[in-house]
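# take this sequence and fold it.
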Amino acid sequence: MTTSDVRAALLSADPRLSKFSPLPRILAFDEFDSGTHGWTELLGNYNGRGDLSTVDDHMRDFRPPQLSACNFFDIGTHGALSGTYALKLATRPYKGHTAVAIRRLTMSGRGLVQLETYFAFKSEATLGGGAELDNFGDVQWDGNTHPSEAQFGAFTVATDLCGDGGLRYHTVARYQNTDLDNHFTRQWMAPTVPEPTPREHFEGKVKLEYAADFTAPNPEDWHAFGEPQELCYNEVPTKVNWHYLRWLIDTDKRRNVELQVNDRVMDMRDVPVPPYEERYETLENLLNFYFSVRTHSSVRNFLFLDSVLISVDW
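Sure thing, here's the model as predicted:
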């Protein structure tokens, strides 16, 4: 048997890993049934006195991720794909609010980097109220489609990368379920501008308010790629169906490569990856990953991650 044969056999024999398709070297395998594995809340920068009031307004309240057994009012404990607990990102019930979980690593080489995960997305269930709650956005309750689906805004997977003398950039893929008016778009999108940074805020170049879209505040800076994709929300807000996501980027060429979500593979090589004009210090070989979820309504939105695998070809 060749080395490749042995590796393939070991992966296929491990039920935790066999559901993934990793590159040759696995950097991190985070199965959240055993903890958070370094995924934490993203908080903006603050001054040397530890004064948290100096954190940018839009980056003060991203909410920490939490371990969740996916409990719901009607069925009790749903559980995760790989056990009892998943990593849960939960927004506040405030239009535009975002919850973020970030994982911080560094690069020991350049080349292909792949992130894989199994995820689910939901709006919080609404209890009580009148018949008006049977309608929201484009949805009228008909025994199949549920208004809570139109109450879910968007989720994002992204990186924060820096190297080669302080050249910093982000690769980003966002699934926009609805626009800001709660109409279905079900579209994958990416920004054409780099993410505003605390240094730019400190220098007076940007000023964002609470609940601003921190990845790219201007909706006109987001552009669709690929065809619209309907995911499996599955009718009501307490049915959890896990989706497979695989995202491949190239840190040598500083570009996206492809995104796979369930059975659809999208070529992302032509999706722009705008770098910052200025160089950044203290960030050499930065390799950060983050997930975020953003509500476009006054209903809390949830993103559940069963497990995450990060691999490279270095």
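
# who's in contact with W141?
By Cβ atoms under 8 Å, 6 or more residues apart in numbering, the contact set of W141 is D134, N135, P147. For every residue, glycine as well, the C-beta is placed using N, CA and C.

# now the last one. Its backbone dihedrals?
In this entry, P147 is assigned phi and psi values of phi -60, psi -20 (degrees, to the nearest 10).

# can you report how many residues neighbour it?
21 (other Cβ atoms under 10 Å).

# let me know whether it touches A131 as I believe.
No. If you go by Cβ atoms under 8 Å, P147 and A131 don't touch, sitting 11.2 Å apart.

# mind checking how far F119 is from Y85?
14 Å (Cβ to Cβ, to the nearest Å).

# of these two, which one has the most company?
Using other Cβ under 10 Å as the criterion, F119 and Y85 rank with F119 on top: 25 against 21.

# which other residues reach the longest helix seen in the chain?
Ordering each helix of the chain by length in residues (DSSP state H) puts helix 3-13 first. Helix 3-13 is touched from outside by M1, L17, S18, F20, P22, P24, with contacts defined as Cβ under 8 Å, 6+ apart.

# which positions within that helix qualify as buried?
Within helix 3-13, the residues that qualify as buried are L11, counting by 16 or more other Cβ atoms under 10 Å.

# got the CA positions of it in CSV?
What follows is helix 3-13, C-alpha atoms only, in CSV (Å, rounded to 0.1, in the frame of the first residue of the first chain):
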residue,chain,number,x,y,z
THR,A,3,1.2,6.3,1.8
SER,A,4,-1.9,7.8,0.2
ASP,A,5,-3.7,4.4,0.5
VAL,A,6,-2.9,4.2,4.2
ARG,A,7,-4.0,7.7,4.8
ALA,A,8,-7.3,7.2,2.9
ALA,A,9,-7.9,4.0,4.9
LEU,A,10,-7.3,5.7,8.2
LEU,A,11,-9.6,8.6,7.3
SER,A,12,-12.4,6.3,6.0
ALA,A,13,-12.2,4.2,9.2
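
# in the helix or strand following it, what's buried?
Remark: after helix 3-13, the chain's next helix or strand is strand 25-31, criterion DSSP states H and E. Neighbour counts over strand 25-31 (16+ other Cβ under 10 Å) mark L27, F29, D30, E31 as buried.

# just checking, what packs against whichever helix or strand comes after strand 25-31?
As assigned by DSSP H and E, the chain's next helix or strand after strand 25-31 is strand 40-41. Judged by 3 or more Cβ pairs under 8 Å, 6 or more residues apart in numbering; DSSP states H and E, strand 40-41 is in contact with strand 98-106.

# what's near enough to touch A158?
Contacts of A158 by Cβ under 8 Å, 6+ apart are H170, T171, V172, A173, T215, F289, Y290, F291, S292.

# contacting residues around stretch 271-278?
Outside of stretch 271-278, the residues within contact range by Cβ under 8 Å, 6+ apart are 167-171, 190-194, 197, 225, 254-256.

# buried residues, that stretch. List them.
Per 16+ other Cβ under 10 Å, stretch 271-278 contains these buried residues: V271, V273, P274, Y276.

# measure the last one to R254 for me?
In this structure, Y276 and R254 are 12 Å apart, going by Cβ to Cβ.

# I'd guessed T126 sits against L133; true?
Yes. At 5.8 Å, T126 counts as touching L133 under the criterion of Cβ under 8 Å.

# picking that back up, which neighbours do Y276 and R254 have in common?
Jointly contacting Y276 and R254 under the rule Cβ under 8 Å, 6+ apart are L167, Y169.

# between the buried residues of strand 25-31, which is nearest G153?
Nearest to G153 among the buried residues of strand 25-31, counting by Cβ to Cβ, is D30 at 24.9 Å.

# quick check: the nearest residue to L23 once chain neighbours are set aside vs Q114, distance?
Nearest non-adjacent residue to L23, counting by Cβ to Cβ, 6 or more residues apart in numbering: S311, 4.0 Å away. Between S311 and Q114 the distance, using Cβ to Cβ, works out to 5 Å.

# between the two, which contacts overlap?
P22, L23.

# need the residues that contact the least confident helix or strand in the chain by mean pLDDT.
Scoring the helices and strands of the chain by mean pLDDT, DSSP states H and E places helix 198-202 at the bottom, with a mean of 82. Applying Cβ under 8 Å, 6+ apart, the set of residues contacting helix 198-202 from outside is G44, N45, V55, D56, M59, V206, K207, L208, Y280.
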